[in-house]
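Student: Structure, please.
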Amino acid sequence: MSITKSAKDKISHLTGSLRNYRVYHRYLGLVLAVLVLISSVTGILLGWKKDVDLLQPPTQKGAIPNLEQWIPLSNMATIATAALDSAQSISTNPIDRIEARPEKGMVKVLFLEGSWEVQLDGSNGKVLSVARRHSDWIEKIHDGSIISDLFKLISMNVLGLGLLVLTFTGFTLWFYPKKIRKLKR
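Tutor: Coordinates of the predicted model:
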């Protein structure tokens, strides 16, 4: 049985496309493997952050969950700054945010530099914990913002689009040989 000229042309076109897709797939896969590896490892660590005290300090419980009986946030900020200075000799670290946890009766004061966290009882300002949050810098590695917000935007788009291209080229590398065998028959 002989193959017609149009079948030969189709086979030639498909094998040429296959060669190109293999090259794209291989090199794009190598580049994305680095991003996927970093994202996977840091993603696993972030998944465990609430269960591993080294990654994120355990959330303590305050005495009174009623917000009406809490001291003002400005007092909590002053107490947290003093607690960080007392525990770690860090006096000039600006506050990044204050997270209230009414159901736990406590407040987390998170500092901008060094990933420090001070937990306070919301009702009386008693210091419950002064510890480092390693999950914060791990998250910055995970999403690329440790370098810059622009790098985060670019790397996450490259990763997402690259995985779509790998999916397409991978499907093509699986499907085209089947099509070529069918044309040869």
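
Student: can you tell me the helix or strand for the most centrally placed residue in the chain?
Tutor: Nearest to the mean C-alpha position of the chain, by C-alpha atoms, centre = their mean, lies residue 142 at 3.5 Å. Under the criterion of DSSP states H and E, residue 142 resides in helix 134-143.

Student: again with residue 154
Tutor: Counting by DSSP H and E, residue 154 is part of helix 149-184.

Student: buried stuff in that helix?
Tutor: For helix 149-184, burial by neighbour count (16 or more other C-beta atoms under 10 Å) applies to 152, 155, 159, 162, 165, 166, 169, 172, 176, 180. The way it works is simple: take the backbone N, C-alpha and C, and place the C-beta from them, glycine included.

Student: how far away is the residue nearest to residue 151 when sequence neighbours are not counted from residue 116?
Tutor: Closest residue in space to residue 151, ignoring its immediate chain neighbours: residue 144 at 5.1 Å, by C-beta to C-beta, 6 or more residues apart in numbering. Applying C-beta to C-beta, to the nearest Å, the value for residue 144 to residue 116 is 23 Å.

Student: Which residue of the two possesses the greater neighbour count?
Tutor: Under the criterion of other C-beta atoms under 10 Å, the comparison of residue 144 against residue 116 puts residue 116 first, with 24 against 21.

Student: For the more buried one, list the residues it contacts.
Tutor: Residue 116 is in contact with 84, 88, 90, 93, 110, 130, 131, 132, 133, counting by C-beta atoms under 8 Å, 6 or more residues apart in numbering.

Student: No more questions from me, cheers.
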